[in-house]
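Undergrad: Please find the sequence and the predicted model below.
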Amino acid sequence: MDFTVNLLMSIERTGARPDVVVVAEDEQSFKELSLHPHPGLQVVKPHNISGVNIDSKNAHYLKFGTGDYNKFVNRRPKYILEFVQRGYEVFFLDADTFWFRDPFPYLEGNFDIAYYNDRFDMYNMGVAFYRPTNRTLRFLKHFALTLETQKKVIPDQNVMNTIIRSQYIPDLRIKHLNNENFPNGGFFFPFFPNMTKCREDTSTTVVFHAAWISGHKNKKKAFQTCHMWLTS
């Protein structure tokens, strides 16, 4: 939850005023974030969640790559789909992100979905923009259905990239968010995995995503090192 609060503070510093929806699956986060004064913030708690349930007692067991972690993150496409079906544009962010400046001028153009490349031509869905087009809806519906019906739990990001490569939606228009503007840990730290030296010039950095950095403790330390940790 501390990363969510830090993200909200970074958004407010940019002067952007988007409507922000936080999906809080555990009761403690839902109650505490519902009291947060961020302008335009709405906190929702899903009901009838299948798979692993998250609460304050077991949240620390969700380690990257484990079965429970994959079940947890695999609910993301369904949440996104619910808003896109209502006609909303959705800028989806994982909590371990930080805004340096307003990203919306960088999300203009003729496209359906925008992702940044993680590595090896793999898209990362931790920072993603979705427009409510028919192609986007078809993609998200197939994405969510594939995750719900798969026999073996495969991470949503792997499934997403497989669907894109298969050209299941052949006319899907994807905008590439470049790593200069939307860096992950591997691009933000010049000598990664050594994270003692940060990107010196952040004049072109828009949103940082702490992908490639494992564990809450390491992510928080990286944020603190680069003066991105705003909360006490």
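TA: Perfect, I can see it now.

Undergrad: who's in contact with residue 116?
TA: Neighbouring residues of residue 116 by CB atoms under 8 Å, 6 or more residues apart in numbering: 123-124, 127, 176-179, 182, 184, 209. Just so you know, the C-beta spots here come from the backbone N, C-alpha and C atoms, and that holds for glycine as well.

Undergrad: Would you format those as JSON lines with neighbour count and secondary structure included?
TA: As requested, these are exported to JSON lines (neighbours: other CB atoms under 10 Å; DSSP: H, G, I helix; E, B strand; the rest coil):
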{"residue": "123", "neighbour count": "20", "secondary structure": "strand"}
{"residue": "124", "neighbour count": "21", "secondary structure": "strand"}
{"residue": "127", "neighbour count": "24", "secondary structure": "strand"}
{"residue": "176", "neighbour count": "12", "secondary structure": "strand"}
{"residue": "177", "neighbour count": "23", "secondary structure": "strand"}
{"residue": "178", "neighbour count": "13", "secondary structure": "coil"}
{"residue": "179", "neighbour count": "15", "secondary structure": "coil"}
{"residue": "182", "neighbour count": "23", "secondary structure": "coil"}
{"residue": "184", "neighbour count": "24", "secondary structure": "coil"}
{"residue": "209", "neighbour count": "22", "secondary structure": "strand"}
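
Undergrad: Tell me which two of these sit farthest apart.
TA: 176 and 209 (14.9 Å; CB to CB).

Undergrad: how near is residue 14 to residue 229?
TA: From residue 14 across to residue 229, the span is 16 Å (CB to CB, to the nearest Å).

Undergrad: and residue 114, what are its bridge partners?
TA: Assessed by DSSP bridges, residue 114 has beta-bridge partners residue 129, residue 175.

Undergrad: pretty sure it is touching residue 107, no?
TA: Yes - Residue 114 is in contact with residue 107 according to CB atoms under 8 Å; the separation is 6.0 Å.

Undergrad: top helix in the protein by residue count?
TA: Secondary structure of the chain per DSSP state H: the longest helix is helix 134-149.

Undergrad: Quick one: list the elements packing against the following helix or strand past it.
TA: Helices and strands here follow DSSP states H and E; after helix 134-149, the next one along the chain is helix 156-166. Judged by 3 or more CB pairs under 8 Å, 6 or more residues apart in numbering; DSSP states H and E, the packing partners of helix 156-166 are helix 67-73, helix 76-85, strand 122-130, helix 134-149.

Undergrad: Quick one, which of these gets closest to residue 5.
TA: Per CB to CB, nearest to residue 5 of the helices and strands packed on helix 156-166: strand 122-130, 17.8 Å.

Undergrad: related to what we said a few turns ago, how far does the longest helix of the chain sit from its chain's centre?
TA: 18 Å (CA atoms, centre = their mean, to the nearest Å).

Undergrad: Residue 170: neighbour count?
TA: Around residue 170 there are 7 other residues, counting by other CB atoms under 10 Å.

Undergrad: Just say helix, strand or coil for it.
TA: Using DSSP: H, G, I helix; E, B strand; the rest coil, the structure places residue 170 in coil.

Undergrad: Tell me which of the helices and strands packed on helix 156-166 sits most buried.
TA: strand 122-130 (a mean of 21; mean count of other CB atoms under 10 Å).

Undergrad: Tell me what angle that one forms with helix 134-149.
TA: Orientation check (axes from the mean of the first three to the mean of the last three CA atoms, to 10 degrees): strand 122-130 against helix 134-149 gives 120 degrees.

Undergrad: what residues does strand 122-130 touch?
TA: 76, 80, 84, 89-94, 96-97, 107, 112-118, 136, 140, 156-157, 160-161, 164, 174-175, 177, 182, 184, 207, 209, 211.

Undergrad: Perfect, that will be all.
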